[in-house]
Each structure stands twice: as structure tokens, then as C-alpha cells.
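[1] Build me a structure from this.
(2 chains)
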Amino acid sequence: MFSEEKLNKVKEIIARYPQGKQKSALIPVLHLAQEEFGGWLSSETMDYVASLLQITSIEVYEVATFYSMFNLQPVGKHVFEVCQTGPCMLRGSDQIIDYIKKKLDIGVGETTKDGLFTLKTVECLGACGYAPMMQLGKHYREHLTPEKVDAIIEECRAKAN
Amino acid sequence: MGRKLLFDKAHIEGIRYYDVYRANGGYGSAEKALKSMTPEQVLDEVKKSGLRGRGGAGFPTGMKWSFIAKPEGVPRYLVCNADESEPGTFKDRYLMEFIPHLLIEGLLISSYTLGCNSCYIYIRGEYAWIPDILEQAIAEAKKNGWLGKNIQGTGFDLEIYVQRGAGAYICGEETALIESLEGKRGNPRIKPPFPAVKGLWDCPTVVNNVETLATVVPILRIGGDEYAKYGTGKSTGTKLISACGNINKPGVYEIEMNISVEEFIYSDEYCGGIANGKRLKACIPGGSSVPILPANLLLKTAKGEQRMMTYESLADGGFATGTMLGSGGFIVLDEDQCIVKNTLTFARFYHHESCGQCSPCREGTGWMKRVLHNIEHGKGKMSDIDLLWDIQRKIEGNTICPLGDAAAWPVAAAIRHFRDEFEWHVLHPDEATKRNYGLAHYADPLEIAAPAAV
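    Residues are numbered from 1 along each chain as shown, chains lettered A, B, ... in the order given. Predicted structure coming up:
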């Protein structure tokens, strides 16, 4: 269940659309829900969102499964989403992905045993001039090197302690 | 230095904020439009400017606007396409991050012209920090009477809302974007009806790219006729180019559409040449969907003329020897890069991003990806190259939206211009998994690939 504050945010989002078009709030509300409920969307969460927007559950499932930013499985506390499309590949994203795999001892799509890190590969994030890069939470980390990756991992570990 | 119309004030400290933007002439174009011009007069200026959609298709903006239906009592909507997902393209991000008021002012003028009272900026979900910047700019504009009710006492009302997507390239296609804005999967609609007649919530809607809408501001400032004097022929004005890949100075550049491709790549004002002193092998000048060209055809057309950074010159020769300006996502490959691998990453991208509605695209993109994967990893057959050609031919033109074409073109162009390299992969499977096929084998057709003096 959302807090009072988040419920007000949902109301504010619905008010952006004409009367009866509250389904338009679905993607923004799913973003809110994912942030609020541990970084992923369980079927219970999706049912809850459906009830908030007075739409059917299937309308939520079909959207949640379509968009790549919605996680349908639990993820680590910090998700490394490393871009691997052409422009990043030309600047060495393969080597960065290999480095992270070795460093964290996980494969793509896996989470470390301590639940701290998940590694995902993603398609173009629109930071091609600052490649190689990854998304970490709300922000981009660009011009990645093995040294920068080390520093980011340390930073995440420090936050967890 | 080339003349600038969008980034002319980008260097001013604090231009992101209202006070600085206003003090430097910001909202002057909106003031002029709302207080002294009718919507028809503004439309006329946009038509005279020759502005063409900056998202990739290059359709004349004034004409697009004139198609909007105006039934009595039905609201009309302006939707700003900030989905920017075409690989190689990151120009709108720069504009929104650093000069958000330029976009807000452009939206205000455009909404006034189209008669819209609500406008939505649909921004790709991954640009998660930019909505905060835009919303702050919207709040500042509202506080200063440029948004909300009765704007500057003119009686015109406008609200602008920012909506985040959630990771789907297809939502850059205007009808998929509208579906997404309605809270659905991003499945493109069958056209007609076009959004200008039946768009968001079945109301008349115009969808334009960020850069297109921002460009309305300088057009109003200097006038449509004056704007049309910038650039070359039907490629009027300036264009934002996001340059990336193996160049010395990746970044977003505003160019006047009258410079050569050679100047853009090698001059210090722009890309600053190929990184690490290497030679140019190939380039995809308009985002991943447009045909890749080898260095010789990139710098000069098949007729031997200098290739210019304009819609027409880049398209010269059709797909046989030309390409497209597209979204301005300029991807440069140096002599050591592998065309097969590069093509594979794009095929994987389109397969990942296909919405799945049309079989040729849904199945074809995955098929091309698997065949390319085999070739790249030394498991390809000679017949695979013809198979790839065959698959892409069967996707192109057989889908509801242009994603199918966008997936087919890069594969077609790679085979058309770099067939040798595909064959080398098939004939030398062991070597192909260990090293890239460099430029050396292309000595003949790529003789001018060495850096030229500019």
C-alpha cells in the first residue's frame, strides 16, 4: 500500500488527464510502485495499481511486461544496466561487461549472493557520445573504465553499510 | 565558426534557469507570437522557414501542422516526442538538460498556433533525471505568467505535463507514443486515421520532436524568410548532430546545413578527426536505422561531388550509394572496427525493440540476429549472407510502422558495401573470432579513407 504522500502523488498524476482517462497514469504509477516496493513489480503490486486506477489487472500486466524498465523479478539493491548497442560497443562496452562479470562473479541477469548487485545488459540509452556507460538508479554513469567501475562498486557498498 | 540558432546562448552560465534565459531575450518569440500575431501568421512563418521534422523523417513541419483537424468542441493536443531512442542520437537530451526553457517556449508558441491547451512531453523513461529539470522550468514559466490561465493577459491557456516512458524504442513512433501515453503497450496504430485527425484519446493531435519544437523559437525571432537563408536548398536552418563512435570529440554539435561531411568529421570545431590517429572506415550518419556508408562514399557521392551535411546530399544516390540525415545520430567507425559485429548489435537492438505486432518484423528481426550471430562467431555459411539479404527484403515495407524498415536497412547496407567482410568471416571462422577485419583488405575502394586536410 502506498503512503498518504504517494497516494496524493497518484491523484496529482491522474489530474493531468481529462476525466475518465486515468489509465494514462499507468506507466507513471508503475514507476512509483517499483520505486516504493523494492525495485520490482510483483503480481500483488500490479493488482494494487489496477485497483488504484480502476482498471483490470490484465491491463496492468500487459503494460508491465512490455516495457523493459519494469522488473518482474526481484533485483539487487543496485542494478548495473550496461549499454551494449553499436556506439557503446565501438568504445569497448564488451570489455566493461566482462570486467563487471569477473569483478562481481555473476553473469548477465544475475544478482550477487549478498543481494547487493544485479547486472543487466540493455540496449541504447542515448548516451552514445559518452560511451561506454551504464544506468545506475536514476542517473547515468558515463565514460566507464575498469577503475571507474571499481569506484562505483565501492560507492554502492559504502551506501549499503 | 558556424552560425548557431539553438545553442547560441548555451554557453551562458545559468541559462537553464528562467531569470537568465529571460534576461538573454528568452520568451521574446513567445511574446511576439501571442501578443502581435494570429495563429495563422505564426503557421505562415513556420511554413516559410522550410523547417523539417528533426526526429528523423524530415517531414515539413508547417505542412504537418496544417493537417490538424479542427472539429468544434473537441480538444486538440500537442505532444512533444522526447523519446529519443535511436542508437547514436542524444541531442534532445542535451537541449532539455541545458536549455529547457527553449523547449518550453517552443511548446508555448506551437500550442498557440495549433490551438492546444494541453501539451504532453513524452520522455524516454531512462532519462529519469530530466523530468525534474523540465518540471522546474515549467514551474518557473508558470510563476512568471508564461503558462497556466490567461498567459500574459492574452486569454490563451496552456498546461504542459511531463510523462515518462519505461523503456521502449518503438514509443518514438508517433502512434505508439500516443498508445503509451494512453497507458497501453506501445503498439503502433494502422494509419490512416493519422494523429492529426484521430490521435491522443481520439482527438486531433500533433506529435513533434524536441528539436523541431525548440526551433520554432529562433524562427519567430528572426522570421521564416531569414531562417530559410540558413543552410542549403531544402535543408534550411541548422541541425543538431550528436556525434559518437571513434572520433576525438564526441558530443552534440549545432551545424548550419552547408558544411561538408569531411569538415564535420575532421575539423576541430566539430568531431576533431578519428580517435587515436586511425583512419576512417565507415559511418552511419543519421542514427542506426540509416544505411552505413564506407568512407569513400561518405565523403564523396558516387558522382564524385563533395558530400554535404544536408538531407539531399546525404541521400544522393539513393540507398545504392547514399544514406540519410535521419535524426542526426552520427556514428563513426575507425579502421579496426568490425562491420559484422556492428550490424549484429543493431540487429539485436531491433529484435529487442520490435513490438511484435507484425510477423515479418517480430520473426525477421530475431532471425537476422541469429544468422548474424552465427557469422560473427565463426559458425556462418556462405548461403547465410544471401539468406540475410532475403530476410531483410521481406521485412522492408511489410510492417505497420517503420521499425521493420529501420531493422532491414542497416543489414542491407552492410551487405551491399561490405560483403567481403561477411565472406571473410565465413571463410576464416577461427580468425574471425579472434580479430576484427580491418581496413587493409579494402585498400581499393577506401583509398580516400586517410585523414584529409581541411
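[2] any idea which helix or strand of chain B has the worst average confidence?
    helix B:429-434 (a mean of 84; mean pLDDT, DSSP states H and E).
[3] From what I see, residue B:199 and residue B:74 are in contact.
    No. Contact criterion CB atoms under 8 Å: residue B:199 and residue B:74 do not qualify, at 11.0 Å. No exception for glycine: its C-beta is placed from N, CA and C like everyone else's.
[4] quick one: which of those two has more around it?
    Legend: neighbour count by other CB atoms under 10 Å in any protein chain shown for residue B:199 and residue B:74, higher for residue B:199 (25 against 11).
[5] Could you find the closest non-adjacent residue to the more buried one?
    residue B:205 (2.5 Å; CB to CB, 6 or more residues apart in numbering or on different chains).
[6] So what pairs up with the one you found in the strands?
    residue B:77 (DSSP bridges).
[7] anything in contact with each of residue B:199 and residue B:74?
    Overlap of the contact sets of residue B:199 and residue B:74 (by CB atoms under 8 Å, 6 or more residues apart in numbering or on different chains) is empty.
[8] Ramachandran coordinates for residue A:33?
    Here is the backbone geometry of residue A:33 (degrees, to the nearest 10): phi -70, psi -40.
[9] what helix or strand does residue B:319 sit in?
    If you go by DSSP states H and E, residue B:319 is part of helix B:318-321.
[10] moving C-terminal of that helix, what's the next helix or strand?
    Remark: after helix B:318-321, the chain's next helix or strand is strand B:329-334, criterion DSSP H and E.
[11] and the angle for the helix or strand that that next one is followed by with strand B:329-334?
    Scanning forward in sequence from strand B:329-334 by DSSP H and E, the next helix or strand is helix B:339-353. Helix B:339-353 and strand B:329-334 are oriented at 150 degrees to each other (axes from the mean of the first three to the mean of the last three CA atoms, to 10 degrees).
[12] Report the buried residues of the helix or strand just after helix B:339-353.
    Where DSSP H and E defines the elements, the next helix or strand beyond helix B:339-353 is helix B:359-376. Neighbour-count burial for helix B:359-376, counted by 16 or more other CB atoms under 10 Å in any protein chain shown, picks out B:360-369, B:371-376.
[13] domain ranges for the chain?
    Defaulting to chain A. Annotated domains of chain A cover A:4-64, A:78-160 [automatic domain parsing].
[14] that answer is for a different chain, and I need it for chain B
    As assigned by automatic domain parsing, chain B contains the domains B:18-229, B:232-337, B:339-437.
[15] So for the first one, mean pLDDT?
    Which is domain B:18-229. The pLDDT scores in domain B:18-229 average 97.
[16] about what we covered before: and the helix holding residue B:319, how far out from the chain middle?
    Averaging C-alpha positions (CA atoms, centre = their mean, to the nearest Å) puts helix B:318-321 20 Å from its chain's average.
[17] what's it packed up against?
    The elements that helix B:318-321 packs onto, with contact taken as 3 or more CB pairs under 8 Å, 6 or more residues apart in numbering or on different chains; DSSP states H and E, are helix B:403-427.
[18] Three-state assignment for residue B:119, please.
    Secondary structure, DSSP: H, G, I helix; E, B strand; the rest coil: residue B:119 is strand.
[19] actually residue A:79, not the one I wrote
    strand.
[20] quick one: it and residue A:34 touch, right?
    No. Here residue A:79 lies out of contact with residue A:34, judged by CB under 8 Å, at a distance of 11.1 Å.
[21] Which neighbours do these two have in common?
    With contacts taken as CB under 8 Å, 6+ apart, residue A:79 and residue A:34 have residue A:71 as neighbours in common.
[22] Name the residues of the helix or strand that residue A:100 is a member of that are buried.
    Using DSSP H and E, residue A:100 sits in helix A:93-104. Neighbour-count burial for helix A:93-104, with 16+ other CB under 10 Å as criterion, is recorded at A:93, A:96, A:97, A:99, A:100, A:104.
[23] So the residue positioned nearest the centre of chain A: helix, strand or coil?
    Centroid-nearest residue in chain A: residue A:69, 5.0 Å away (criterion: CA atoms, centre = their mean). Of the three states, residue A:69 takes coil under three-state DSSP.
[24] Apart from its neighbours in sequence, what residue is nearest it?
    Of all residues not flanking residue A:69 in the chain, residue B:167 sits nearest, at 3.8 Å (CB to CB, 6+ apart).
[25] Wait, that neighbour touches residue B:125, no?
    Yes. If you go by CB under 8 Å, residue B:167 and residue B:125 touch, sitting 5.2 Å apart.
[26] what number of residues lie near the nearest residue to residue B:285 once chain neighbours are set aside?
    Nearest non-adjacent residue to residue B:285, counting by CB to CB, 6+ apart: residue B:330, 5.2 Å away. By other CB under 10 Å, the residues close to residue B:330 number 33.
[27] Residue B:320 too?
    Residues lying near residue B:320 (other CB under 10 Å) number 11.
[28] And the one 3 residues further on, by the same measure?
    When neighbours are counted by other CB under 10 Å, residue B:323 registers 24.
[29] again with residue B:331
    Per other CB under 10 Å, the neighbour tally for residue B:331 reads 29.
[30] List the contacts of it.
    Residue B:331 sits next to A:86-87, A:90, A:128, B:87-88, B:244-245, B:283-285, B:287-288 when contact means CB under 8 Å, 6+ apart.
[31] run the last query once more with 7 Å
    Residues in contact with residue B:331 (CB atoms under 7 Å, 6 or more residues apart in numbering or on different chains) are A:86, A:87, B:88, B:244, B:245, B:283, B:284.
[32] Top of those residues by number of neighbours, please.
    Top of the contacts of residue B:331 by neighbour number is residue A:87, holding 36 neighbours under the definition other CB under 10 Å.
[33] returning to what we had before: and the contacts of the helix holding residue A:100?
    For helix A:93-104, the external contacting residues (CB under 7 Å, 6+ apart) are A:80, A:82-84, A:107, A:112, A:117, A:119, A:121, A:131-132, A:144, A:146, A:149, A:153.
[34] farthest-separated two in those residues?
    Distance extremes for those: the farthest pair is A:112 and A:131 at 25.1 Å, using CB to CB.
[35] Quick check on residue B:263: phi, psi?
    Torsion angles at residue B:263 (phi, psi; degrees, to the nearest 10) stand at phi -60, psi -40.
[36] so how far does stretch B:123-132 reach from one end to the other?
    This stretch, stretch B:123-132, spans 12 Å end to end (CA to CA, to the nearest Å).
[37] List the buried residues of it.
    B:123, B:124, B:125, B:126, B:127, B:128, B:130, B:131.
[38] Briefly note if the helix or strand where the last one lies comes near chain A.
    Applying DSSP H and E as the criterion places residue B:131 in helix B:130-143. No. Helix B:130-143 stays out of contact with chain A when judged by CB under 7 Å from any CB of the partner chain, the minimum separation being 9.0 Å.
[39] and the stretch 1-150 of chain B, which residues reach chain A?
    By CB under 7 Å from any CB, the residues of the stretch 1-150 of chain B that approach chain A are B:84-85, B:87-90, B:93, B:124-129.
[40] Can you tell me which of those is closest to residue A:25?
    Nearest to residue A:25 among the residues of the stretch 1-150 of chain B next to chain A is residue B:125, at 14.5 Å by CB to CB.
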